[in-house]
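**Q** After the sequence you'll find the predicted model.
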Amino acid sequence: MNFDDTPQEAEFRATARAWIAANAPKQYEEELRKSSLGRTQLKNANILDVAKAWQKKKADAGWACLHWPMEYGGRGASPIERVIWQQEEGAFGKLSHMFIIGHGMCGPTMMAFAREEHKRSYLPPLASGEKVWCQLFSEPAGGSDVAGLRTRAEKDGNDWVINGQKIWTSGAHYSDYGILLTRTDPSVPKHKGLTMFFLDMKSPGVEVRPIKQASGASDFNEVYFTNVRIPDHQRLGEVNDGWNVSLTTLMNERSAIGAGVSTGFPELFDYCSNLMLEDGPAIENRAVRSKLANWAVKASGLRYTSMRAISALSKGDRPGPENSIGKLVAGSMIQDIASYALDLQGGAGVVSGAEDAELAGRFQAMLLRAPGTRVEGGTDEIMRNIIAERVLGLPGDIRVDKDVPFNKIPTKGRG
Amino acid sequence: MNFDFSDDQKQLRDQARKFLAEKCSPKAVRVVLDGKAPYDKELWKGLAEMGFLGVAIPEEFGGAGAGHLELCVIAEEMGRTNAPVPFSSTVYLAAEALLIAGSDAQKKKWLPAIASGEAIGTLALFEGKGNPSPKNVKLTAANGVLNGVKKPVADGAIANFAVVAARTGSGGRDGDISLFLVDLKAGGVEVKSLTNLDPTRGQAEITFKDCRAEPLGPAGEGWSILTQVLDRAAVLCAFEQVGGSDRALEMGRDYALDRIAFGRQIGSFQAVKHMLADMYVSATLARSNSYYGAWALSTNAGELPEAAAAARISATQAFQHCAKNNIQVHGGMGFTWEFDCHMYYRRANAMALGLGSLSYWEDQLIDRMRKKNAA
Ligand SMILES: Cc1cc2nc3c(=O)[nH]c(=O)nc-3n(C[C@H](O)[C@H](O)[C@H](O)COP(=O)(O)OP(=O)(O)OC[C@H]3O[C@@H](n4cnc5c(N)ncnc54)[C@H](O)[C@@H]3O)c2cc1C
């Protein structure tokens, strides 16, 4: 057991640190550091432009998608080098959140299932942030039950013709490409009739409509497909084997989201350390301390759980379903922490405008974004199912639609 | 960075697991639970023969001189089996106090005896209600003579010697406390067994009346030594708690697979599945915090105070959480004396108090985090 860098790791750290010091967009550092989940915006710049520029600079110098192979735009780095990079990148890492779906989910899926020539042409610009990707899985009828989706793909010559609707597609409004899960055979049970593709989001017939979220922001979209044509060579995996392909994506999604998710704890600790209550400093109040301690051990528990996972990865183990822990724990934690921070502000906690609110409305923004964290990438309930079934080996839920052809499954709960 | 035990350490864990599975079955634990023996003497002897008692004691004092990471993996197995032996009192508390503050003569006298299983040691700290604090130490020491009452003292009725916290100054400050080493079989000591939450681990009241004692460590430094001892014990106990959590989770999982209700395995009901998933989550967070504690302990890192408190809180919560929900998964069966669930429930709740309560450690953790941030 050893937390110190090996000489090689120390050398890697020094190189990374020096490069970041010389190249990062420092004018935004303070603003990025203070921004919280749900509010990473820049006052005087378009964050997407800043993020893309930083990503491109990293890619040109070999610091993008560190763990990807070189020929696809990565660096072939070890899992531990990746962690070192993240530690050194610090607040600038928040800029890459724009690319998390492309880098965390679409890229790995392409790597596992796309043709070699496609990998070589599509992956490097994805790594460098020049092209942004989105994940077109969820539909009004297929969220947790992804395999319940209805978007149709029908073969027409060497093309597939797509009709249907996706929803909650993060970043679709600025994406260049997407991976798309479709139904190719409705007459067989739901998991057996799906096929995966990747497509150009600028294809004729694709219409993206931003959705206003509960938080007030618009990060996700509805996407409509009307006779959109996708050439067969952009199919990922076999026809009707899309479920298996999507499992690769979802597995990667859990570790990508789980590893990057914030808990809100450092912010709360910092806040309580400086806050004066009526009867003295908050940090000296017994009730406050007890709350803080409980969240502190969850935050550290998550941190060291991911370090254990990284140590296992670097010994050649594959990422497993236990990675579902991160998002499950952090999701409700950030929600509870945000609401507690507002409680400490008393009546003024209700004010959320960046100019007038305590801490520029940091915790208010967190509170309003948190419900989404508990839903995106699999709800708390789905995460618990995964842990119970795949880690602990408990029986799967009873599935009344298991052997029923998809087009015979009821579509409404009532009436 | 490598955040895992080495292959050798894992092998030691397997060895300890195998040994304890054989020598420390629930049936053996019940002999002590039912009051037929104060502790499992055979097991204690066996642990000595395996070299487990002295695993972290240097070779020159009769131990194996392996280290604290090795002790951690053994602790986990002790917790997994609810071992009814004075392991934590002797090995984590008494031996660690000697290692930190003992004179050469004191170490020579007691450490080899601990390693060989001949001597049982303990720490006499509490005096009724309250958490570790210099203010709560009323027992006095003057000219090497102790007067006062300690209660509860873990394993006090079977211990050969105790490390005793005593007041040598008049205030309630750290510097007013000193530690003493007392041979409990000598004069001036009266021991009374107390009934307690977990009969597999005895508790006692010890009255010291004009009892001769030798100082352990410099006068006035008792509290600072004690803090170090408690921090180390917190990490080691956390591993016992992690072992206990894992076992309680395993028992719940197995029962959920075996028991049928409404024509289905109860483990197929989501309410039950999700309860077990949450047990896994708390056990995993505790394990990870404990690993960090183990690293800090084994390297004596500056992070130890904070890491120890975090491991302590996380593991205490996890063990309590897993033990209580294990009973819930077992339904009525879980509430019978015959099923083993209550042994873990008892142990979890008794262990939650042994080194100071959860709220005490919460307080410690925040203090230590503040200090670190200020530094
Ligand atoms: C911020 C955000 C970003 C997103 N980004 C994307 C994206 O980029 N691409 C994309 O494809 N999707 C995206 N999604 C969609 C997301 O994956 C789904 O919302 C999610 O999987 C839940 O599906 P649902 O919304 O249909 O809820 P439902 O599945 O209808 O769930 C409703 C409730 O029922 C519960 N439930 C459902 N099934 C079960 C079960 N088997 N057991 C127990 N409880 C159950 C759920 O836990 C939930 O509480 C995003 C969602 C959010 C909030």
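**A** Received it, and whenever you're ready, just let me know what you need.

**Q** Tell me who's in contact with B:Gly172.
**A** B:133-135 (Cβ atoms under 8 Å, 6 or more residues apart in numbering or on different chains). Bear in mind the C-beta positions are built from the backbone N, C-alpha and C, glycine included.

**Q** Buried ones among the residues you listed?
**A** Neighbour counting with 16 or more other Cβ atoms under 10 Å in any protein chain shown marks B:Pro134 as buried within the contacts of B:Gly172.

**Q** Just put the contacts of B:Gly172 in JSON lines and tack on pLDDT.
**A** Formatted as JSON lines, the contacts of B:Gly172 follow (pLDDT from 0 to 100):
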{"residue": "B:Ser133", "pLDDT": "97"}
{"residue": "B:Pro134", "pLDDT": "97"}
{"residue": "B:Lys135", "pLDDT": "96"}
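
**Q** could I get the contacts of B:Gly172 as CSV with secondary structure and distance to B:Ala113?
**A** CSV is the format used below for the contacts of B:Gly172 (DSSP: H, G, I helix; E, B strand; the rest coil; distance: Cβ to Cβ, whole Å):
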residue, secondary structure, distance to B:Ala113
B:Ser133, coil, 31
B:Pro134, helix, 30
B:Lys135, helix, 34
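
**Q** Of all residues in the stretch 101-250 of chain B, which one is closest to chain A?
**A** In the stretch 101-250 of chain B, no residue comes nearer to chain A than B:Leu249, which is 7.9 Å away by Cβ to the nearest Cβ.

**Q** any idea which element that residue lies in?
**A** Secondary structure from DSSP states H and E places B:Leu249 in helix B:222-258.

**Q** Give me the nearest residue to residue 125, chain neighbours excluded.
**A** This is for chain A. A:Lys131 (4.3 Å; Cβ to Cβ, 6 or more residues apart in numbering or on different chains).

**Q** think we crossed wires, I meant chain B
**A** Nearest residue to B:Leu125, sequence neighbours excluded (Cβ to Cβ, 6+ apart): B:Ala165, at 5.1 Å.

**Q** wait, is that neighbour part of a strand?
**A** Yes: membership of B:Ala165 in a strand is supported by DSSP: H, G, I helix; E, B strand; the rest coil.

**Q** for it, what are its contacts?
**A** By Cβ under 8 Å, 6+ apart, B:Ala165 lies in contact with B:123-125, B:137, B:139, B:177-179, B:222-223, B:226.

**Q** Who does it form a beta bridge with?
**A** Beta-bridge partners recorded for B:Ala165 (DSSP bridges): B:Leu179.

**Q** Show me the shaky parts of the stretch 201-350 of chain A.
**A** Within the stretch 201-350 of chain A, the stretches with pLDDT under 70 are A:254-260.

**Q** What is the neighbour count of the residue in it that chain B sits nearest to?
**A** Closest approach between the stretch 201-350 of chain A and chain B, counting by Cβ to the nearest Cβ: A:Gly301, at 2.9 Å. By other Cβ atoms under 10 Å in any protein chain shown, 28 other residues sit near A:Gly301.

**Q** After the helix or strand harbouring it, which helix or strand is next?
**A** Applying DSSP H and E as the criterion places A:Gly301 in helix A:286-314. Past helix A:286-314, further along toward the C-terminus, the next helix or strand under DSSP H and E is helix A:324-344.

**Q** Do I have it right that A:Leu394 meets B:Asp254?
**A** No: with contacts counted by Cβ atoms under 8 Å, A:Leu394 stays clear of B:Asp254, the gap being 10.6 Å.

**Q** So these two - more neighbours on which side?
**A** Neighbours per residue (other Cβ under 10 Å) separate A:Leu394 from B:Asp254, with A:Leu394 holding more: 25 against 13.

**Q** Name the SS class of the more buried one, please.
**A** Reduced to three states by three-state DSSP, A:Leu394 is coil.

**Q** which residues touch it?
**A** A:388, B:253, B:256-257, B:265, B:267-268, B:273, B:276.

**Q** again with A:Glu207
**A** Contacts of A:Glu207 (Cβ under 8 Å, 6+ apart): A:223-224, A:226.

**Q** Tell me the buried residues within those.
**A** A:223-224.

**Q** Dump the contacts of A:Glu207 into TSV; add distance to A:Ser311 as well.
**A** Listed next are the contacts of A:Glu207 as TSV, based on distance: Cβ to Cβ, whole Å:
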residue	distance to A:Ser311
A:Val223	39
A:Tyr224	45
A:Thr226	49
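
**Q** Among the contacts of A:Glu207, which lie within helices?
**A** The helices, defined by DSSP state H, take in nothing from the contacts of A:Glu207.

**Q** Nearest to A:Lys212 among the contacts of A:Glu207?
**A** Checking the contacts of A:Glu207 against A:Lys212 with Cβ to Cβ, the nearest one is A:Val223 at 15.6 Å.
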